[in-house]
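Novice: Quick one, what's the 3D model for this:
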Amino acid sequence: MQRSNHSMETMRRTISRKGECMKNLMAEVAALLGVEIGEEFDIPQGVYNPHKITEEGVFDSNGKIKEHRMNRLLTGEWTIIKKPWKPKDGGRFYYVMKNGKIIETRFSDVDAIDHALLYSGNCFRTEQEAEANREAIMEKFGWGSRKGI
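Specialist: So this is what the prediction gives:
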């Protein structure tokens, strides 16, 4: 059944009570689903991947809003497959050194070492994420344990 443009627009508007606009909760909804606003992800049960959540809803790769997909994601009928994170060229990331120290640096698309860190799984968005994965990285590469660094 095709919805009219009027009903679609009504669904997209912020609900208001007593003249006050309610807060847009899409950032919180995205976080509940394990993604960030604007972050691309796949829905294995759907088509037109990748998708992303914006302040307006779920959009497919054609830029079309898909309300039914949000409903299926929220009810658990469908799932999100996150794409591996890759820092933007010049973007900050953190990695674990052989001695267990966490290093902050900037990603360069032309740097083979940065790509080696990325594809080996030793490239993190935050220092806390790198710290949480320190032991796993050190074990993965046979570097021993550095608990308490």
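
Novice: Could you use CA atoms for every contact and neighbour count after this?
Specialist: Noted.

Novice: quick one: average pLDDT of stretch 90-97?
Specialist: Taken as a whole, stretch 90-97 has a mean pLDDT of 98.

Novice: Next: stretch 133-149.
Specialist: For stretch 133-149, mean pLDDT is 84.

Novice: what do you get for stretch 114-123?
Specialist: Model confidence over stretch 114-123 averages 96 on the pLDDT scale.

Novice: buried stuff in it?
Specialist: Using 16 or more other Cα atoms under 10 Å as the test for burial, stretch 114-123 gives D114, H115, L117, L118, N122, C123.

Novice: And the strands in this structure?
Specialist: In the chain, the segments counted as strands under DSSP state E are 16-17, 20-21, 40-42, 51-54, 57-59, 81-82, 92-96, 102-106.

Novice: Mind putting these into JSON lines with mean neighbour count and distance to N71?
Specialist: Output for the strands of the chain, formatted as JSON lines (neighbours: other Cα atoms under 10 Å; distance: least, Cα to Cα, whole Å):
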{"stretch": "strand 16-17", "mean neighbour count": "9", "distance to N71": "21"}
{"stretch": "strand 20-21", "mean neighbour count": "10", "distance to N71": "23"}
{"stretch": "strand 40-42", "mean neighbour count": "20", "distance to N71": "15"}
{"stretch": "strand 51-54", "mean neighbour count": "22", "distance to N71": "13"}
{"stretch": "strand 57-59", "mean neighbour count": "21", "distance to N71": "10"}
{"stretch": "strand 81-82", "mean neighbour count": "14", "distance to N71": "16"}
{"stretch": "strand 92-96", "mean neighbour count": "22", "distance to N71": "34"}
{"stretch": "strand 102-106", "mean neighbour count": "14", "distance to N71": "38"}
